[in-house]
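Novice: Structure of the sequence below:
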Amino acid sequence: MLPVEALAKFQCVCKGWKNIIRDPTFIKDHFQIQAAKGKDYLLYVSLDRTIERAFTLLCDETFDQVLEFKIPSEFRDMSFIIIGSCNGVLCFTDAISFGSTVYLCNPSIRKYRTVINPMFDGVELSSRGNVDFALGFGYYEQTNDYLIIRIAILSDEEDEATIKIEVYSMVANSWKNLEVDDFPWERIELKSEVVMRDSVHWKADYRDGDECISVILAYGMGEEAFRQIGLPNYKVDGEDLVEHIGVYKGNLAMFVFHQSDHFSWHKNCHLWVMNEYGVVSSWTKLYTVVIDAGVVTPIMFTNNDEIIFEDGECDLTVCHFESNTISYLGVEDQGYLNFMTYNGSLVMLED
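Specialist: Numbering: from 1, shown residues only. Reported below is the predicted structural model:
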């Protein structure tokens, strides 16, 4: 099977080849064959806003640089926040105007789409002021569609909040409003960290009267509904713990740590895994790892049963849970780094 870059070029050979290469079934089958080879990459975007700025691919085993995709000039000055990566398609927004405008791109074939802004009472939400967004991005296989979930929290002068939920379909190239009778969740993570079981997941708080309970908020792309998943009893390991959710060996997982401040840190960190999805009693503390320099910012779980994080000495560090070993990524930490697991695809992003 030819690589993505070569197939994309072959579209110009003749109309028949172009139609085959753009066929949704061919695109899906090609991606699945490529993914089955087990060759994954880590993609990141640095904060260095130069003419040479690029999406960079690293081998997810050695962390050596493999490939670069130049970023078009219109995006070069952007403070990227990548919301998610699914089947070679990235969803991103600008940190300065987070969530007001969202973009899709396929860096392997240099295709980009600016997602149209939905309207609220005839006005773009981003122009209303006092609005906060949480974003999620996922692929729903049943309809072969890529979805952006945007949760908008609008505050008025009395500090009363109105929740507006919108879902964008890449196939339809349009937004639709999701009507919900009750939305008791707040302090939702800015961007989703986990997509699995046809659901997009965020950390959030559930408001129960005067009490706030930490939960995982999940949006089911098939049923178009929200639900919550309870967390394990991780507080037995200490006070003021911080959680980071991800996927470990195909299961929903949570990395728990004491956040370091570059001056003092706690060494013990814990990995909890949900053995049966959605069943709170199946959470199991699988590993306790010792990280001498502590954890400041967790970045992502990899497909090789590791977690990447910034430690208390400002190094980008990789911890392998099973062996309890530490290695260093060799990528300069420039503040906010976007890391995603990535595999190239032929998804065209045509309007």
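
Novice: buried stuff in stretch 223-235?
Specialist: 226, 229, 230, 231, 232, 234 (16 or more other CB atoms under 10 Å). All C-beta spots, glycine's among them, are computed from the backbone N, C-alpha and C.

Novice: ok, now stretch 81-100?
Specialist: 81-94, 98-100.

Novice: re earlier: present the buried residues of stretch 223-235 as CSV; the columns should include secondary structure, distance to residue 347 and pLDDT.
Specialist: What follows is the buried residues of stretch 223-235, written out as CSV (DSSP: H, G, I helix; E, B strand; the rest coil; distance: CB to CB, whole Å; pLDDT from 0 to 100):
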residue, secondary structure, distance to residue 347, pLDDT
226, strand, 27, 96
229, strand, 29, 98
230, strand, 35, 97
231, coil, 34, 96
232, coil, 36, 95
234, helix, 38, 90
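
Novice: Which single one of those residues is nearest to residue 28?
Specialist: Distance to residue 28 across these (CB to CB) is lowest for residue 226, with 27.6 Å.

Novice: for the closest one, what are its contacts?
Specialist: 180, 183, 185, 217, 218, 219, 220 (CB atoms under 8 Å, 6 or more residues apart in numbering).

Novice: Name the spans of the stretch 1-150 of the chain whose pLDDT lies under the cut-off.
Specialist: Residue ranges of the stretch 1-150 of the chain with pLDDT under 70: 1, 10, 13, 17, 20, 35, 37-39, 46-52, 119-129.

Novice: That one: helices as residue ranges?
Specialist: 4-9, 15-22, 24-36 (DSSP state H, counting those that start in this stretch).

Novice: List the buried residues of the first one.
Specialist: Residues of helix 4-9 classed as buried by neighbour count (16+ other CB under 10 Å): 4, 7, 8.

Novice: by contact count, what packs against that helix?
Specialist: helix 24-36 (3 or more CB pairs under 8 Å, 6 or more residues apart in numbering; DSSP states H and E).

Novice: counting contacts, what elements does the helix it packs on pack onto?
Specialist: Using 3+ CB pairs under 8 Å, 6+ apart, helix 24-36 sits against helix 4-9.

Novice: Who's the closest spatial neighbour of residue 242, skipping the chain neighbours?
Specialist: residue 259 (4.7 Å; CB to CB, 6 or more residues apart in numbering).

Novice: so how far is residue 231 from the one you found?
Specialist: Distance, residue 259 to residue 231, using CB to CB, to the nearest Å: 17 Å.

Novice: My guess is residue 78 contacts residue 94. True?
Specialist: Yes: with contact defined as CB atoms under 8 Å, residue 78 counts as touching residue 94 (5.0 Å).

Novice: Need the residues that contact stretch 18-30.
Specialist: Under CB under 8 Å, 6+ apart, the answer for stretch 18-30 is 1, 4, 7, 8, 10, 11, 12, 144, 345, 346, 347, 348.

Novice: Specify which member of the residues you listed is nearest to residue 59.
Specialist: After measuring these against residue 59 - CB to CB - the closest member comes out as residue 4, at 16.8 Å.

Novice: neighbours of the nearest residue to the closest one once chain neighbours are set aside, just the number please.
Specialist: Ranked by CB to CB, 6+ apart and with sequence neighbours excluded, the top spatial neighbour of residue 4 is residue 344, at 4.1 Å. Close neighbours of residue 344, defined as other CB atoms under 10 Å, add up to 25.

Novice: For residue 303, report the pLDDT, please.
Specialist: pLDDT, residue 303: 85.

Novice: Look up how far residue 89 lies from the closest residue to residue 31 other than its chain neighbours.
Specialist: Using CB to CB, 6+ apart and skipping residues adjacent in sequence, the residue nearest residue 31 is residue 345, 4.5 Å away. Distance, residue 345 to residue 89, by CB to CB: 7 Å.

Novice: and for the two, which residues touch both?
Specialist: If you check residue 345 and residue 89 against CB under 8 Å, 6+ apart, the residues they both contact are residue 106.

Novice: Go through the buried residues of helix 4-9 and name the one nearest residue 70.
Specialist: Of the buried residues of helix 4-9, the one sitting nearest to residue 70 (CB to CB) turns out to be residue 8, at 15.1 Å.

Novice: contacting residues for that closest one?
Specialist: Counting by CB under 8 Å, 6+ apart, residue 8 has contacts 21, 108, 109, 346.

Novice: Now render those as CSV, adding neighbour count.
Specialist: Shown next, in CSV, are the contacts of residue 8 (neighbours: other CB atoms under 10 Å):
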residue, neighbour count
21, 19
108, 23
109, 20
346, 25
